[in-house]
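Asks: 3D model of this:
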Amino acid sequence: MIANQTPADEYREISDRFTKLVEGVPDDATWNRRSPVPEWTARDVVRHLVEWFPGFLADGADVTLPQGPSVDEDPVAAWRTMSDGVQVVLDDPASADKKLVNRHIGEVELPTAIARFFTSDVFMHSWDLARATGQDETLDPERCAMLLEGMQPLDDLLRSSGQYGPKVDVPDDADVQTKMLAFIGRDPR
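Replies: All right, here's what the predicted structure looks like:
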């Protein structure tokens, strides 16, 4: 998280950017374009975010997010409904007293868990959606640097999770966005 930014503020900023990308997809043909994630289309990037996180919250913190239409039916409304629900959870002062419990990560304060696992996922997948749909792919370099720094010590664990592809070789003098994307298995070229 950027210094002096709450999990709610961080999510608002990152999800607003992702929402603009989702809303910027001009037509169904664009939704069906391939993304940088192997075997995923642009629609699948949104599907991933909309479908995995509600179960994570329900199982780990007994939090139920509102459910919109399916991503196949209306990816914009599906994303907005779920994302707005996440923002409501983060904006609720009572969430600070809740814990998320997961056998892989232990017990974590709910806002911290959302920031660590979902907000960062939305941030990284912003690039995937932008690339797939021909929109601005620029990511915040400070966030890229923070994510990269936090992930590097967990390299073996992240690779073994199956959530990240093999690292992509990039020049030592590459910018931090390129390095972060290469670390998570994206080919920024």
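
Asks: Break this structure down into its structural domains.
Replies: Taking automatic domain parsing as the domain assignment, the record places the domains of the chain at 7-138, 140-189.

Asks: Quick one: those as a markdown table, columns for mean neighbour count and mean pLDDT too.
Replies: C-beta coordinates here come from the backbone N, C-alpha and C atoms, glycine included. Shown next, in a markdown table, are the domains of the chain (neighbours: other CB atoms under 10 Å; pLDDT from 0 to 100):
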| stretch | mean neighbour count | mean pLDDT |
| --- | --- | --- |
| domain 7-138 | 17 | 95 |
| domain 140-189 | 15 | 84 |
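
Asks: What are the boundaries of the strands in the protein?
Replies: Per DSSP state E, the chain carries strands over the ranges 99-102, 106-109.

Asks: for the last one, packing partners?
Replies: In other words, strand 106-109. Using 3 or more CB pairs under 8 Å, 6 or more residues apart in numbering; DSSP states H and E as the contact criterion, the elements in contact with strand 106-109 are strand 99-102.

Asks: Now do the strand it packs on: everything it contacts.
Replies: Judged by CB atoms under 8 Å, 6 or more residues apart in numbering, the contacts made with strand 99-102 from elsewhere in the structure are 56-57, 59-61, 107-110, 113-114.

Asks: Quick check: neighbours of it in the sheet, parallel or antiparallel?
Replies: Paired with strand 99-102 in the same sheet, following DSSP bridges, are strand 106-109 (antiparallel).

Asks: List the neighbours of the longest helix along the chain that are in contact with it.
Replies: Across the chain, the helix with the greatest residue count (assigned by DSSP state H) is helix 42-61. By CB under 8 Å, 6+ apart, the residues outside helix 42-61 that reach it are 18, 22, 25, 30-33, 35, 37, 40, 63-65, 67, 71-72, 75, 78-79, 82, 86, 89, 98-102, 110, 113-114, 117-118, 121-122, 125, 128-129, 132-133.

Asks: redo that, cut-off 6 Å
Replies: Residues from elsewhere that reach helix 42-61 (CB atoms under 6 Å, 6 or more residues apart in numbering): 31, 33, 35, 63-65, 71, 75, 78-79, 82, 98, 100-102, 110, 118, 125, 128-129, 132-133.

Asks: and what of stretch 177-189?
Replies: Stretch 177-189 has contacts (CB under 6 Å, 6+ apart) with 36, 139, 144, 147-148, 164-168, 170.

Asks: how about those, which pair is most distant?
Replies: The most widely separated members of the contacts of stretch 177-189 are L139 and P166, with 20.7 Å between them, by CB to CB.

Asks: Now render the contacts of strand 99-102 as CSV, adding distance to A182.
Replies: Conversion of the contacts of strand 99-102 to CSV gives the following (distance: CB to CB, whole Å):
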residue, distance to A182
F56, 27
L57, 30
D59, 32
G60, 31
A61, 33
E107, 33
V108, 28
E109, 31
L110, 32
A113, 27
I114, 26
